[in-house]
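J.: I would like the atomic coordinates for the input below:
(2 chains)
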Amino acid sequence: MRMPFFARLLNTSLRASMALRGAFLLQVALMALNNVCFFTTWWILFQRYDQIRGWRMADMAALYGVSACGFGIAVVTCGGIYELARMINEGDLDSLLTQPRSILLRAIASRSRASGWGDLASGLFLLAMSGYLHGTGLLAALFAVALSAVAYIACGVVLQSTAFWFGRIETLARQVFDFTIGFSLYPPSLFGAGLRLVLFTLVPAALVSYVPVELLRDFHLEQALLAIGLVGAYATFAAWLFHRGLRRYESGSRFGVWG
Amino acid sequence: MTARSSSRALLRKYVAVGRQASRHRLQERSALVGRNAFLVMVLFVFSRLWQVLLEDSDAARHAGDYVWYLAVAEWVTLSQPALFLEIERDIRMGDIAYHLTRPISYLAFKLSSGLAELAVSMAVMLVTALCTSYALVGGWPSDPLGLLAALPLALAAAVLLLLCGAAIGLSAFWLQDCAPVYWIWQKLLFVLGGLFVPLSMYPGWLGEVAAWSPFSSMLSGPASLVFHFDAWAVVSVAAKLGIWGVLGVVLLRAVYRRALRVIDVHGG
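T.: Residues are numbered from 1 along each chain as shown, chains lettered A, B, ... in the order given. So this is what the prediction gives:
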């Protein structure tokens, strides 16, 4: 029941984001350029240094690729994760409460960010550059990207849902989300055990990139099952947190229009 | 009224504008805190990166200098106010028409407020950059005199970046949306300016291209002084900043004059 609804929601939000073709293409191109420019720093470093604690150029390209693709899919399909806290604080969930559909799905999947296509394009380019996309590596890459996308969406929901308890927290939530993205683009071998614990919990960069990309670097069934378990548990927690917070939700008196 | 007194009166106007802008900037605490937090994150990650990269080499004891390099470069870029967005908004909303009727140049008005916001950001971020770098590295750079020389040059570079931002904002007279221009310019700055990695570490051809671009004197030029104080390098960077600064001012005035003519052609 939810998948056809999600597909229709996605179709509407995608068409809305592509309505202005010129602006859409420009955003896509510039985001792709943005990501490639940031990766240039690693290209420069790897011209001088062969590896960074076991991580080579191909591994960094895979890390960037998985993270960028996962993020791109997350914001293209569920761009509303950036707006959830504002919607909670401004009473925009009111009109969703009366509908016989998943409130969370409706809230996060009703918007699509055009720049996500640029992330996806640059991510695919970097994955192709990594050399991991051959044979079974292609399946592993698809699996890794899917896990990353789910983790990014869950992260956004968790952070923005704190607005149910803490109110005007949009800026802080966005900042922590940006930190998650930031940390996800550096090899985990740089960080000690203490910080890695943080990167699995408060700032879940490990879930959005390290765990998925390890499947690409060295696929093991046990590792894949563990990854599914971790990301699945996180996504379940995100949904639970949102619905728990919804019990505290106080209606606003604004009228809103949903497209 | 004499020329001197009219100049003073004009200056008082711009100082008043700047004072108001700086108060406004200080009230936007969440944005300031966010940028400072981001600076701390970047410095922390790159301190780990340089320690790992250099741990087996002779340059290991200089790993901290690379953190100080990044601190100076990020101090320049993260302190920048979004002046281009403000100018673009004024043009797109038509508010610029109201500004043009005032007894104060619109461009000077915007630059005054931009400079004031820049000053506030730089003051706050300087404290963050110095404290964070000192804590991460465990001390000052190998040549502290280089850091002292880098700071005023970095300040000059930040002012030059602000002028560039204003010129990009004025491009909205023709482009309406100048954000794409800004993004491309910013990425060129990051790559050719050596934001994360000193230009001396770039591959030959890329380093040459970067050295000839104006971006190298804005970021890598001042920041590289933390590795080693060199009076000749200080003079060289200052001269380049001066030359690009003069060119920037000339370009900005030319673009502004051309923009005013565009407004007249469209009927004001």
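
J.: Give me the most central residue, chain B.
T.: Of all residues in chain B, the one closest to the mean position by CA atoms, centre = their mean is residue B:158, 2.8 Å from it.

J.: wouldn't that residue be in contact with residue B:79 here?
T.: Yes: under the criterion of CB atoms under 8 Å, residue B:158 lies in contact with residue B:79, with a separation of 5.9 Å. The way it works is simple: take the backbone N, C-alpha and C, and place the C-beta from them, glycine included.

J.: Next, the most centrally placed residue in chain A: secondary structure please.
T.: In chain A, the centroid-proximal residue (CA atoms, centre = their mean) is residue A:152; its distance is 2.7 Å. Classification of residue A:152 into helix, strand or coil gives helix, according to DSSP: H, G, I helix; E, B strand; the rest coil.

J.: if I look at it, how far off is residue A:92?
T.: Between residue A:152 and residue A:92 the distance, using CB to CB, to the nearest Å, works out to 22 Å.

J.: now swap in residue A:174 and tell me
T.: Computed with CB to CB, the distance linking residue A:174 and residue A:92 is 17 Å.

J.: Around chain B, pick out the residues from the stretch 101-250 of chain A.
T.: In this structure, the stretch 101-250 of chain A approaches chain B at residues A:171-172, A:175, A:178-179, A:182-183, A:186, A:189-191, judged by CB under 8 Å from any CB of the partner chain.

J.: Please spell out the ChimeraX selection for the buried subset of those residues.
T.: This is how ChimeraX selects the buried members of these, with burial counted by 16 or more other CB atoms under 10 Å in any protein chain shown:
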select /A:172,175,179,183,186,190,191
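
J.: Pick out the most distant pair among the residues of the stretch 101-250 of chain A next to chain B.
T.: Farthest-apart pair in these is A:171 and A:189; separation 31.6 Å (CB to CB).

J.: Close to chain A: what parts of the stretch 1-150 of chain B are there?
T.: B:30-31, B:34, B:37-38, B:41-42, B:45, B:48-49, B:52-53.

J.: May I ask you to confirm that residue A:241 is in contact with residue A:160?
T.: No: counting by CB under 8 Å, residue A:241 stays clear of residue A:160, with 9.9 Å between them.

J.: Looking at these two, which is more packed in?
T.: Looking at residue A:241 and residue A:160 with other CB atoms under 10 Å in any protein chain shown, you find the greater number of neighbours at residue A:160, namely 29 against 19.

J.: Against chain B, how distant is the more buried one?
T.: With distances taken as CB to the nearest CB, to the nearest Å, residue A:160 is found 16 Å from chain B.

J.: chain center to the strand or helix carrying that residue: distance?
T.: According to DSSP states H and E, residue A:160 maps onto helix A:136-161. Shown here is helix A:136-161, whose average C-alpha point lies 6 Å from the average C-alpha point of the whole chain (CA atoms, centre = their mean, to the nearest Å).

J.: Counting by contacts, list what that helix packs against.
T.: Helix A:136-161 sits against helix A:57-77, helix A:84-89, helix A:103-109, helix A:170-184, helix A:211-217, helix A:221-246, with contacts defined as 3 or more CB pairs under 8 Å, 6 or more residues apart in numbering or on different chains; DSSP states H and E.

J.: I'd assumed the residue nearest to the centre of chain B was in a helix, is it?
T.: Yes: the assignment for residue B:158 is a helix, going by three-state DSSP.

J.: Spatially nearest residue to it (excluding sequence neighbours)?
T.: Among residues not flanking residue B:158 along the chain, residue B:76 sits closest, at 4.9 Å (CB to CB, 6 or more residues apart in numbering or on different chains).

J.: Pull out the buried residues from the helix or strand hosting that neighbour.
T.: Taking DSSP H and E as the criterion, residue B:76 maps to helix B:63-78. Across helix B:63-78, burial judged by 16+ other CB under 10 Å covers B:63-78.

J.: Equivalent analysis for stretch B:250-268, please.
T.: By neighbour count, and taking 16+ other CB under 10 Å as the criterion, the buried residues in stretch B:250-268 are B:252, B:255-256, B:259-260.

J.: Would you check how far apart residue B:70 and residue B:196 are?
T.: Using CB to CB, we find residue B:70 at a distance of 7 Å from residue B:196.

J.: Actually, residue B:117.
T.: From residue B:117 over to residue B:196 the distance is 25 Å, taken as CB to CB.

J.: for residue A:191, same thing?
T.: Shown here: residue A:191 relative to residue B:196, a distance of 18 Å by CB to CB.

J.: Show me the shaky parts of chain B.
T.: By pLDDT under 70, the weakly predicted segments of chain B are B:1-3, B:264-268.

J.: mind checking the longest helix of it?
T.: Residue-count comparison of every helix in chain B, with assignments taken from DSSP state H, identifies helix B:231-265 as the longest.

J.: That helix - contacts with which helices or strands?
T.: Using 3+ CB pairs under 8 Å, 6+ apart as the contact criterion, the elements in contact with helix B:231-265 are helix B:96-100, helix B:106-137, helix B:144-170, helix B:172-175, helix B:215-218, helix B:220-223.

J.: Could you single out the most deeply buried of the ones you listed?
T.: Of all the helices and strands packed on helix B:231-265, helix B:220-223 has the most neighbours on average by mean count of other CB atoms under 10 Å in any protein chain shown, namely a mean of 29.
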